[in-house]
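A.B. asks: Next one to model:
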Amino acid sequence: MAKKSRRYREARERIDANRLYPLEEALAQLKDVPHAKFDETVDIAINLGVDPKHADQMVRGAIVLPNGVGRSTRVLVFAKGEKEKEALEAGADYVGGDDLAKKIQDEGWFEFDRVIATPDMMGVVGRLGRVLGPRGLMPNPKLGTVTPNVAEAVRDQKAGKVEYRVDKAGIVHCGIGKVSFETEKLWENASALIDVILKAKPASTKGTYVKKIAVSSTMGPGIKVDPASPLKVA
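C.D. replies: Residues are numbered from 1 along each chain as shown. As a prediction, the model looks like this:
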């Protein structure tokens with residue numbers, strides 16, 4: 001195991017590893033410990049009592065966080081005609097069709113963070129499944145990235161829309177902002193995300209749904225959160 005930095009060890013010493021912190025206090029503590037020289041991302045990990053191997057227990061969706069995520073999102077849109085114009089006017093970084101598909105396939109071009117497509121362009125996008133899918137970039141109607149309303153979809157992505165999905169271990173990992181954010185803004189983002197995950201509880205789930213919650217920064221240690229701590233309802 002790699003030796004942890006002095007900064008990490010100092011941060012670890014300030015955190016009570018055996019305590020379950022209220023959400024807002026955990027975020028305040030996270031901001032108070034030593035950090036790297038760059039503006040680290042704040043991540044939340046939510047351990048759910050689901051078995052993602054069963055389709056009816058998959059927890060997945062997207063939400064526009066109240067305060068964004070603190071970074072710009074490069075949006076690629078597959079559209080044509082009037083929809084192409086709408087996407088550009090809404091702030092899309094790249095808009096096209098076969099030309100962009102060819103660039104991705106032949107040149108390995110991936111200078112974008114999100115992909116949106118109109119339904120009539122899914123024939124083109126479908127050919128990219130093998131390269132977009134593993135990167136989590138494949139447009140999906142359930143996430144609002146396959147839609148005729150491309151302008152709204154682009155604006156949502158630019159405003160800080162994040163996607164969440166439970167992994168094989170039953171954990172949802174999601175960035176909720178930057179260390180430079182005020183504690184209240186991080187709390188609002190975290191509360192909004194937790195609230196939408198609570199509302200997405202599968203009917204077939206048995207026992208405790210939210211088992212554990214932890215927050216951390218990119219280079220920092222995790223801080224355990226009390227799952228029963230008061231949360232703002234979005």
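
A.B. asks: Quick check: mean pLDDT of stretch 30-46?
C.D. replies: Stretch 30-46 shows a mean pLDDT of 86.

A.B. asks: quick one: contacts of it?
C.D. replies: Residues outside stretch 30-46 that contact it (CB atoms under 8 Å, 6 or more residues apart in numbering): 7, 10-11, 14-15, 27, 69-70, 171-181, 183, 186, 190, 193-194, 197, 210, 212-223. (C-beta placed from N, C-alpha, C; glycine too.)

A.B. asks: and those residues, which of them are in strands?
C.D. replies: Under the assignment DSSP state E, the contacts of stretch 30-46 contribute 171-178, 210, 212-217, 223 to strands.

A.B. asks: List the buried residues for stretch 180-189?
C.D. replies: Neighbour-count burial for stretch 180-189, counted by 16 or more other CB atoms under 10 Å, picks out 181, 183, 185-189.

A.B. asks: repeat for stretch 104-114
C.D. replies: 104, 112, 114.

A.B. asks: Assign the nearest residue to residue 174 once chain neighbours are set aside to helix, strand or coil.
C.D. replies: Distances taken as CB to CB, 6 or more residues apart in numbering put residue 164 closest to residue 174, at 4.9 Å, once the chain neighbours are dropped. What DSSP: H, G, I helix; E, B strand; the rest coil gives for residue 164 is strand.

A.B. asks: what's the burial count for residue 164?
C.D. replies: 19 (other CB atoms under 10 Å).

A.B. asks: distance of it from residue 180?
C.D. replies: 22 Å (CB to CB, to the nearest Å).

A.B. asks: of the contacts of stretch 30-46, buried ones?
C.D. replies: Looks like the contacts of stretch 30-46 have 11, 15, 27, 69-70, 171-172, 174-179, 181, 183, 186, 190, 193-194, 197, 210, 212-217, 219-223 buried, using 16+ other CB under 10 Å.

A.B. asks: Locate residue 155 within the secondary structure: which element?
C.D. replies: helix 150-159 (DSSP states H and E).
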